[in-house]
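Colleague: here's a sequence, model it:
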Amino acid sequence: MNLHILNGDSTAHSFQQTALPGEILVWREMLCEGWVPATADFETFWQQRGDFLAQHYGFDRDEYENQAVREFRRLLEFNRYDEITLWFEFDVFCQINLLYLIRFFSEKDLGETRLTLVSPGSHPAHPNFKGMGELTPGQLAALWPERITLTPHDLRVGHRAWQAYTATSPEALRRFLTEGNFGQLRFLENALHAHLSRFPAEATGLGRVERFWLEALPETGEKVPTMVRFWNENPQFGFGDVQLLRTLDELKTAGLIHKNGKLTLTDRAAAVLAGRENYRNFAPRPRFLGGVELPA
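Modeller: Just a heads-up that it's a prediction; the model follows:
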């Protein structure tokens, strides 16, 4: 029996219209966002993660349990399957979720269970490829014969990357990236570099996403066109509305963006962009990237 772990409901919708054999587990999490616990204990991890999202992101705790964690508990029955295929793309959003799964399986005795990966970075029918959710059922099914079998080395690489991601300092990730051998995880290096670009620059306190909002917003004064531009120019992140709108809200709360009909930058934003002020002095608390709490 096969188990297909899909990177979200959009992919699942198309996948259900294919003739590929096996069961489906839909991944409904965004481990690239907010605090991520370092614990390897399954129940403790999801309890702490759910508590954080409920407290700081306004998630409904029961809905999170029913829609996400209940689905994830099916992982504990992995040895029921002859093959488990992970369907995750090239971007930060998918690669971090993929790392959790690789870490999970790296600590198990897989026995006769084969662990495979479908991880496209492009598609000939979609020149500006953003993800598997935009593929037709036929295009999605055609990816499965190209899946790769993850090796023990790949699992060790993913395990070390996850440990670095959940460490309390970004230096752990920088050290990991200097190792240079990423096995068959061909998008991991670029994704982790993109993730590191989210950390505050010393002079301004801005990460790449905050800086994008402040530099791009004056051209439109509107959030939706600015978000579309972000998606077109920064496919390496794979962020959805939740990530981008939360960053926008934080910039508003910090007094860098003002809404008066249109969204405009304040004098404080100009001072931050010029390096005369530092965003970390105004940013809401707490702010986390993986296991790192961003300093004041």
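Colleague: OK, contacts around the residue nearest to residue 237 when sequence neighbours are not counted?
Modeller: Distances taken as Cβ to Cβ, 6 or more residues apart in numbering put residue 92 closest to residue 237, at 5.0 Å, once the chain neighbours are dropped. For every residue, glycine as well, the C-beta is placed using N, CA and C. Shown in contact with residue 92 (Cβ atoms under 8 Å, 6 or more residues apart in numbering): 32, 191, 194, 195, 236, 237, 238, 239.
Colleague: adding distance to residue 14 and pLDDT, write these out as JSON lines.
Modeller: Listed next are these as JSON lines, based on distance: Cβ to Cβ, whole Å; pLDDT from 0 to 100:
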{"residue": "32", "distance to residue 14": "23", "pLDDT": "97"}
{"residue": "191", "distance to residue 14": "23", "pLDDT": "98"}
{"residue": "194", "distance to residue 14": "26", "pLDDT": "98"}
{"residue": "195", "distance to residue 14": "27", "pLDDT": "98"}
{"residue": "236", "distance to residue 14": "23", "pLDDT": "95"}
{"residue": "237", "distance to residue 14": "22", "pLDDT": "96"}
{"residue": "238", "distance to residue 14": "17", "pLDDT": "94"}
{"residue": "239", "distance to residue 14": "21", "pLDDT": "94"}
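Colleague: of those, buried ones?
Modeller: Buried members of the contacts of residue 92, counted by 16 or more other Cβ atoms under 10 Å: 32, 191, 194, 195, 236, 237, 238, 239.
Colleague: which of these lies closest to residue 176?
Modeller: Taking Cβ to Cβ as the measure, residue 176 sits nearest to residue 195 out of those, at 11.4 Å.
Colleague: pretty sure the closest one contacts residue 176?
Modeller: No - the criterion here is Cβ atoms under 8 Å, and residue 195 misses it with residue 176 at 11.4 Å.
Colleague: mean confidence score for stretch 258-265?
Modeller: Averaged over stretch 258-265, pLDDT sits at 91.
Colleague: and the strands in the stretch 101-250 of the chain, which stretches?
Modeller: Under the criterion DSSP state E, counting those that start in this stretch, the stretch 101-250 of the chain contains strands at 114-118, 148-149.
Colleague: follow-up on the earlier one: how far away is the residue nearest to residue 237 from residue 171?
Modeller: 19 Å (Cβ to Cβ, to the nearest Å).
Colleague: minimum distance to residue 141: which of the strands of the stretch 101-250 of the chain has it?
Modeller: Of these, nearest to residue 141 by Cβ to Cβ is strand 114-118, at 10.6 Å.
Colleague: hang on, the earlier thing: check the strands of the stretch 101-250 of the chain for me and report the most buried one.
Modeller: With neighbours taken as mean count of other Cβ atoms under 10 Å, these reach their highest mean count in strand 114-118, at a mean of 19.
Colleague: contact partners for the nearest residue to residue 95 once chain neighbours are set aside?
Modeller: Nearest non-adjacent residue to residue 95, counting by Cβ to Cβ, 6+ apart: residue 191, 3.8 Å away. Neighbour list for residue 191: 90, 91, 92, 94, 95, 96, 236 [criterion: Cβ under 8 Å, 6+ apart].
Colleague: in helices only, show me these.
Modeller: Among the contacts of residue 191, the members found in helices (DSSP state H) are 92, 94, 95, 96.
Colleague: which residue is nearest the middle of the chain?
Modeller: Ranked by distance to the mean C-alpha position of the chain (Cα atoms, centre = their mean), the top residue is residue 93 at 2.1 Å.
Colleague: how close does the nearest residue to that one once chain neighbours are set aside get to residue 35?
Modeller: Closest residue to residue 93 apart from its sequence neighbours, by Cβ to Cβ, 6+ apart: residue 238 at 3.5 Å. With the distance defined as Cβ to Cβ, residue 238 ends up 20 Å from residue 35.
Colleague: again, but for residue 15
Modeller: 31 Å.
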